[in-house]
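**Student:** prediction below, plus the sequence it came from.
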2 protein chains.
Amino acid sequence: MTKRLRTGKTVNIDDVAREARVSIMTVSRALRGVEGVSETKRSEIFEIAERLRYQPNLNARSLANVQSSLIGVTFPNLFNDVFADMLDGMRPTLESAGFTTIVTTTEYDRQREVDWINTVRPWRPAGLVLTGTDHDERVKRILRRDQVPTLELWEHSDDPIDISVGINHAEAGRQIAEQMIALGYRRPAWVGFAPGHDPRAERRLAGIRGAFHAAGHADARAMQSGTTDGYKAGFDGMRRLAEEGEPLPDIVFFLSDHFAFSGLMACAEIGLRVPEDLGIVGFNSLSINSVLPRRITTVETPRRLMGTLGARSLIARINGIKGNLSHCLPTRIIFGDTTRRPHRTDAGSPT
Amino acid sequence: MTKRLRTGKTVNIDDVAREARVSIMTVSRALRGVEGVSETKRSEIFEIAERLRYQPNLNARSLANVQSSLIGVTFPNLFNDVFADMLDGMRPTLESAGFTTIVTTTEYDRQREVDWINTVRPWRPAGLVLTGTDHDERVKRILRRDQVPTLELWEHSDDPIDISVGINHAEAGRQIAEQMIALGYRRPAWVGFAPGHDPRAERRLAGIRGAFHAAGHADARAMQSGTTDGYKAGFDGMRRLAEEGEPLPDIVFFLSDHFAFSGLMACAEIGLRVPEDLGIVGFNSLSINSVLPRRITTVETPRRLMGTLGARSLIARINGIKGNLSHCLPTRIIFGDTTRRPHRTDAGSPT
DNA sequence: TGCGGTCGTGTTATCGATAACAATGACATG
DNA sequence: CATGTCATTGTTATCGATAACACGACCGCA
């Protein structure tokens, strides 16, 4: 029947149809669970398909459907729990709806995000998931124009490309800073990546600075490391802070818990006592925190939840639901052992 | 021309062909860089394709080619550097050859690997990448029968499904154990996942036990935690080892550096001095190790290299190269501060 | 001048599915 | 008994590309 050479003769829909003595269309309908197939035939077709180990060719299906069931995802990395958790939150929801995620990491490089979008769009994905709200302008315009269902995760935006599910980073920074001010801290510092790397972190820093300004206190000195290794950045940043001397900060905000962790290690090496000599604050409440002898004061971010809600919204959009599907989620401060503690509040971790 | 409703009219190859006043086939050939198109037309077609922002429909291409340019990948997780590094090693090689990876994590669950294979094969991927050598028997048989180019990464196998690129875990365990025996350690213990979880780790344990047996010393007590959180497992395992008392082990081998790290934390909490009271050995040489005040003695695994070599072999196979494309790579012991050190050897990390 | 060989390009068949529409038959209704 | 409705099932056109083959122009050489 076919002219082309067939090495590994795969089982196709017509093999099933022939075996079941029905048309291809009936098989297609039966297996997809579309209405209008008698129960008798349906079960017979299922049986035959299983026996023949028939697997639909999704390339063909995607071609016929004009779009595939792939969801293209970009995250800066998958190294720590942050993005891995969001992915874990999304995946079950997407999979049970029949979608497959196809993920890449950008290492915080915006151009790589553009490249990725140009890589996945030829697959005609049903939707895209991007991290945050900072994207190449042309990408935003094109995605809007082509009405690609797009989810921006991790940072909430008032003017998303399409759907935005995330937290307000500036606000999270402000809140934790205000708590620290209330605890008497006056000389803040920040340790993170170099500017232009992680815009969310920069907005948290802005929130922190805003809070200290508003309270009339010092500006936050910022140690920003060019490395992409968070452990190294935290360690070096803390050490440089200590070396630069002047008035030592009394509270250091780190980009994330793993930065804060290695900052703690640096303090131990330098001989700075925490929290007696200075306080240390992390972000994200990562799992490493749960085994530290002194828990880092941190901000818990609802990463799994963001993933799940985001996936749900994205699916809704793909299914044609119009309107606003965005969510802005709250964060929660967790007081640990690396800062002073508030007297009797409802906050803080038990144990 | 089309009857079907077209919402976001995409640019197709025939749009380019019409604009260039040539046949579709000529455009196809020109853009793929296939021989037999005049230089004049080729450059003209490129220009037009760019101007029209034409992106080939890869679903259609995959259908026509009988296989797609996707590479399906499974890893147990992407949480620490281990698998993330291998992925980073593979990706550039695969991408520059025109392949796109589509990854999932199995959380060390073999059934999830089976499910994943059933999920990706309908996309008719050009190749698969699996972790290790332990797979469902039916999967192995089917992949062999269908001659799917398959790479098994991370553990070397003498009888791979197709291609195996990795290290010898039993041997790695034996080697580090022999070093520790030479340093005078006599009472080994092991902290890892529950049996059935991570077969590579189990083979390392077997190698360790073998070495101690061979030297006539004690068997390694094993603390195997059911959790999938390595930090927690390391911490709890170490604590239980200490609690169970009896002769305290004098050397504890951990499944990985992050286990070892939290084991160290547990020791600090319990009041055990390292390496005075006992030695601690990790595995993999993870980046967290570089910021610890006392570096963990560990085994460096060539993860990026495995990724790169594996990808190269896989591409070769996809391109029809027959024969053995497997590699078995060596590991390297790095002496840190958590064990005694050998007197003047060539091993050990500088600084 | 004639003929085979190249080169560049077009034509036709196909990849494996789905959408839209057509057709068939059973059954109810007047 | 004619006719309309509903449920099932089949037929045809398409999705957007690529492979294989066909064809005409041009070339060189005998």
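**Tutor:** That came in fine, so what should we check first?
**Student:** what about the closest residue to residue A:162 other than its chain neighbours, neighbour count?
**Tutor:** Distance criterion CB to CB, 6 or more residues apart in numbering or on different chains; nearest residue to residue A:162, sequence neighbours excluded, is residue A:150 at 4.2 Å. No exception for glycine: its C-beta is placed from N, CA and C like everyone else's. Other residues within reach of residue A:150, judged by other CB atoms under 10 Å in any protein chain shown, total 24.
**Student:** can you map out the helices along chain A?
**Tutor:** Using DSSP state H, the helices assigned to chain A run over residues A:13-20, A:24-32, A:39-51, A:58-65, A:81-96, A:110-120, A:137-145, A:169-182, A:199-214, A:230-244, A:257-270, A:303-318.
**Student:** anything in stretch A:279-292 near chain B?
**Tutor:** Yes. Judged by CB under 8 Å from any CB of the partner chain, stretch A:279-292 comes into contact with chain B through A:287-288, A:290-292.
**Student:** mean confidence score for that stretch?
**Tutor:** Averaging pLDDT along stretch A:279-292 yields 93.
**Student:** run the chain-centre distance for that stretch.
**Tutor:** Mean-position distance between stretch A:279-292 and its chain equals 18 Å (CA atoms, centre = their mean, to the nearest Å).
**Student:** excluding chain neighbours, what is closest to residue A:138?
**Tutor:** residue A:114 (7.8 Å).
**Student:** before we move on, back to that, adding neighbour count, write the residues of stretch A:279-292 next to chain B out as TSV.
**Tutor:** TSV is the format used below for these (neighbours: other CB atoms under 10 Å in any protein chain shown):
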residue	neighbour count
A:287	19
A:288	23
A:290	14
A:291	24
A:292	22
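**Student:** name the nearest of those residues relative to chain B.
**Tutor:** Chain B has its nearest neighbour among these in residue A:291, at 4.0 Å by CB to the nearest CB.
**Student:** can you tell me which residues contact the closest one?
**Tutor:** Taking CB atoms under 8 Å, 6 or more residues apart in numbering or on different chains, we find residue A:291 in contact with B:231-232, B:234-235, B:262, B:265-266.
**Student:** name the nearest of those relative to DNA strand D.
**Tutor:** The closest of these to DNA strand D turns out to be residue B:231 (CB to the nearest atom of the strand; 47.7 Å).
**Student:** touching, that closest one and residue B:262? I think so.
**Tutor:** Yes. Counting by CB atoms under 8 Å, residue B:231 does reach residue B:262; the two are 4.5 Å apart.
**Student:** okay, those two: which has more neighbours?
**Tutor:** When residue B:231 and residue B:262 are compared for neighbours, residue B:262 comes out ahead with 28 against 23, by other CB under 10 Å.
**Student:** tell me the confidence at the more buried one?
**Tutor:** Residue-level confidence at residue B:262 comes out at 93, pLDDT.
**Student:** and it, how close does it get to residue B:237?
**Tutor:** 9 Å (CB to CB, to the nearest Å).
**Student:** low-confidence ranges, chain A, go.
**Tutor:** Counting by pLDDT under 70, chain A has low-confidence residues at A:1-8, A:344-351.
**Student:** tell me the centre residue of it?
**Tutor:** Nearest to the mean C-alpha position of chain A, by CA atoms, centre = their mean, lies residue A:83 at 4.0 Å.
**Student:** enumerate the residues of chain A near DNA strand C.
**Tutor:** A:1-4, A:10, A:12-14, A:24-25, A:28, A:32, A:34, A:56-57, A:60-61, A:63-65 (CB under 7 Å from any atom of the strand).
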